[in-house]
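**Student:** Fold the following, please.
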Amino acid sequence: MSERSPFGLPDRGPAVASGGMVASSHPAVSLLGARILAGGGNAVDAALAMAALSWLALPGQCGAGGDAFALLRRPDGSVAAFGGSGFGPDGGEPAFYRDRGLAAVPLEGALAVATPGAVAALAALHADSASRGLPDLWAPAIAAAEDGLPCTRKTCADIVERRDALARDPGTAEVFLPGGRVPAVGEPIVQRDLGASLRRLADDPADLYSGALAERSVDALVDAGAPFSGYEWMAGGRSVPEAALTCDYRGTTVHLTPPPTPGWMVAQQAGLCDGALSGLPWLSAEAVHRLASAARVAFADRFAGCGDGSDHWRGLLAPSALEAARARLDAGDLPAGLPSPVPAGGDTTSMVAVDAEGRAVSLIHSLAFTFGARVTVPGTGIVLNNRLGRGAYLIDGHPNEVRPRRRPLHTLNAWLVTGSSGGLLHVGNTPGGDGQVQWNAQLLSHLLDHGHDPATAVAAPRFTVHPGSDADVLESPPELRVESRLGAERIEALRASGHDVAVQGAWDAGGSAQIVSVADGALLGASDPRQDGVALGV
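**Tutor:** Below is the predicted model:
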């Protein structure tokens, strides 16, 4: 390995531009965002167009039937959060599931679905700061749905992995298994019904919550046995700008998405690591141990008392609580594994956009697991999420126990960093389920503790505490998963520190981080080499 490329990093720097920058996990999505910026649109316009196109380009990871969260830095320096996360059904009392002999909320089918919040969040973001109408911004996505978009290797692999489940639903089978077969890489996937739905939603996003699309969705779910009333569907359509959660780290302000996202967990890890990492060699065993230990604390604290409407997390961020937790880490007092069925994989995608006026958007959206609940609303092309099944517990009395009008705990979160004068320094995110809060903390450390550029930060060896606190992995034995590029010496030192280390392939940790940074007036951007994305500047 050369000095320029430690840990087997690609010997490649970030993209550089001055007029604007975008990054996403799919080249066509990034290209669309760059074209919007080059044509005079702002970062919000670019992010909204990119989000809609990604519903077609990465259909296993996101969709109009999913959820979304975004952070926006406006040109005046103010930062707002936009949340799109839905409720469980009004009839979804714990007894409803137990009376059906269930030990957990199902991960597939109508009972797994929460009301979709993505369209509501994007509509709120649009109303706040867009310069163009949704019909204009979503026209490329509508065209892609009607004309077809080439199937990627990622989507092909997703279809192969979920083939049996997709085949059970007529809507998903028609689109993703045409003629009963898996599409070849490069073969167009046509989604005409979805194109028609997007055309309706571009004209009126509320149609998904209180119009014809809402009626179709609720009727289909009720017919399949889910106890939706329709009123929770309407309530799920409300999204308004909120104050972002903030914390200090290395003299900067980190802005994070508030609950029900786990942005507070990134803030807690920052509080446990600030001042402890900058003096350590980058990615040394001691530094990895500290970050992994902070993640263990965050997940244990999340499981112990966090849920929609609970302020438990606020107490965890109090200076006295952080000081006590730091003392536990310093003493090597780590929580044991959480009280699991066999874990199942999830999927998400994300993007960032920055314009010349200083607007910045970090946006992340998901169906929860790959293709969500694997259920399509008949005649609409809209695949529904399985966020309720993934996020809600069937544990008596827990703050995250499944309840009507209670949003399940979430994995999605986004961040951006400003300096002491409020200027933008960094904006980023990564998909990856419960890996997100850990990897985001790692990305922030790469950037702020060690001054690395975005290309180095997104490609650095990744490590992951498992399990997190998703409903489907609560009893899995604790382990630290590390990419082999971390090196045998560091891995053995981590084992000696008490971690049960599982070594992954060199680039197999998962995630697809996106970062744009500001340096000397220029924009530097990078997309994670673990997926097919690209950063493009104008």
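**Student:** how much space is there between residue 405 and residue 251?
**Tutor:** Remark: distance between residue 405 and residue 251 (C-beta to C-beta, to the nearest Å) = 41 Å. Yep, even glycine has a C-beta here, placed from its N, CA and C like the rest.
**Student:** So the nearest residue to residue 335 once chain neighbours are set aside: helix, strand or coil?
**Tutor:** Leaving out its chain neighbours, the residue that sits closest to residue 335 by C-beta to C-beta, 6 or more residues apart in numbering is residue 300, at 3.6 Å. Secondary structure, DSSP: H, G, I helix; E, B strand; the rest coil: residue 300 is helix.
**Student:** I'd like to know how far residue 300 sits from residue 264.
**Tutor:** 14 Å.
**Student:** CA atoms only: put the helix or strand harbouring residue 164 into PDB for me.
**Tutor:** Element membership for residue 164 (DSSP states H and E) is helix 163-168. Output of helix 163-168 as PDB, limited to C-alpha atoms (Å, rounded to 0.1, in the frame of the first residue of the first chain):
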ATOM      1  CA  ARG A 163     -37.900 -13.400  -5.700                       C
ATOM      2  CA  ASP A 164     -40.300 -15.600  -3.800                       C
ATOM      3  CA  ALA A 165     -41.800 -12.700  -1.900                       C
ATOM      4  CA  LEU A 166     -42.100 -10.500  -5.000                       C
ATOM      5  CA  ALA A 167     -43.800 -13.400  -6.900                       C
ATOM      6  CA  ARG A 168     -46.600 -13.600  -4.200                       C
END
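**Student:** what about it, average pLDDT?
**Tutor:** In this model, helix 163-168 has a mean pLDDT of 96.
**Student:** which helices and strands does it pack with?
**Tutor:** Packing partners of helix 163-168 (3 or more C-beta pairs under 8 Å, 6 or more residues apart in numbering; DSSP states H and E): helix 170-176.
**Student:** For residue 300 and residue 264, indicate the residue with more neighbours.
**Tutor:** Of the pair residue 300 and residue 264, residue 264 is the one with more neighbours under other C-beta atoms under 10 Å, namely 25 against 16.
**Student:** Nearest residue to the more buried one in space, please, no chain neighbours.
**Tutor:** residue 313 (4.4 Å).
**Student:** Quick check: the one you found vs residue 276, distance?
**Tutor:** 22 Å.
**Student:** cool, residue 536 as well?
**Tutor:** For residue 536, the distance to residue 276 - C-beta to C-beta - is 36 Å.
**Student:** now residue 353
**Tutor:** 33 Å.
**Student:** okay, stretch 20-31 in CSV with CA atoms only?
**Tutor:** Extracted in CSV, the C-alpha atoms of stretch 20-31 (Å, rounded to 0.1, in the frame of the first residue of the first chain):
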residue,chain,number,x,y,z
GLY,A,20,-22.8,23.3,-7.0
MET,A,21,-22.4,19.7,-6.2
VAL,A,22,-24.5,16.6,-5.9
ALA,A,23,-23.8,13.0,-4.8
SER,A,24,-26.0,9.9,-4.8
SER,A,25,-25.8,6.1,-5.1
HIS,A,26,-26.8,6.0,-8.8
PRO,A,27,-25.1,7.8,-11.8
ALA,A,28,-28.4,8.8,-13.4
VAL,A,29,-29.7,10.3,-10.2
SER,A,30,-26.6,12.3,-9.7
LEU,A,31,-26.6,13.4,-13.3
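**Student:** For it, give the mean pLDDT please.
**Tutor:** So the average pLDDT for stretch 20-31 ends up being 98.
**Student:** quick one on the thing from earlier: who has more neighbours, residue 313 and residue 276?
**Tutor:** The neighbour comparison of residue 313 against residue 276 (other C-beta under 10 Å) goes to residue 313, with 22 against 18.
**Student:** what's near enough to touch the more buried one?
**Tutor:** For residue 313, the contacting residues are 259, 264, 268, 301, 302, 306, by C-beta atoms under 8 Å, 6 or more residues apart in numbering.
**Student:** for those residues, which one is nearest residue 197?
**Tutor:** For the contacts of residue 313, the minimum distance to residue 197 (C-beta to C-beta) is 29.8 Å, reached by residue 259.
**Student:** Could you confirm the closest one falls within a strand?
**Tutor:** No: counting by three-state DSSP, residue 259 falls outside a strand, being coil.
**Student:** That one is in contact with residue 312, isn't it?
**Tutor:** No: checked against C-beta atoms under 8 Å, the pair residue 259 and residue 312 is beyond contact range at 9.9 Å.
**Student:** So the two - more neighbours on which side?
**Tutor:** residue 259 (24 against 15).
**Student:** what are the phi and psi values for residue 223?
**Tutor:** Phi and psi for residue 223, reported as degrees, to the nearest 10, are phi -60, psi -30.
**Student:** can you map out the strands along the stretch 1-150 of the chain?
**Tutor:** With DSSP state E, counting those that start in this stretch as the criterion, the stretch 1-150 of the chain has strands at 15-17, 20-24, 67-73, 79-84, 149-150.
**Student:** Residue 447 and residue 455, how far apart?
**Tutor:** From residue 447 to residue 455 the distance is 11 Å (C-beta to C-beta).
**Student:** ignore the last one, residue 54
**Tutor:** 22 Å.
**Student:** swap in residue 23?
**Tutor:** Counting by C-beta to C-beta, the gap from residue 23 to residue 455 is 11 Å.
**Student:** Give me the most central residue, the chain.
**Tutor:** residue 412 (3.7 Å; C-alpha atoms, centre = their mean).
**Student:** any idea whether it is helix, strand or coil?
**Tutor:** coil.
**Student:** Tell me which residues touch it, please.
**Tutor:** 67, 68, 69, 85, 257, 261, 348, 364, 365, 366, 436.
**Student:** How about residue 48?
**Tutor:** 122, 125, 126, 130, 134, 137, 138.
**Student:** who touches the residue lying closest to it once chain neighbours are set aside in this structure?
**Tutor:** Nearest in space to residue 48, with sequence neighbours left out and distances taken as C-beta to C-beta, 6+ apart, is residue 137 at 4.9 Å. By C-beta under 8 Å, 6+ apart, residue 137 lies in contact with 36, 41, 45, 48, 49, 52, 126, 130, 202.
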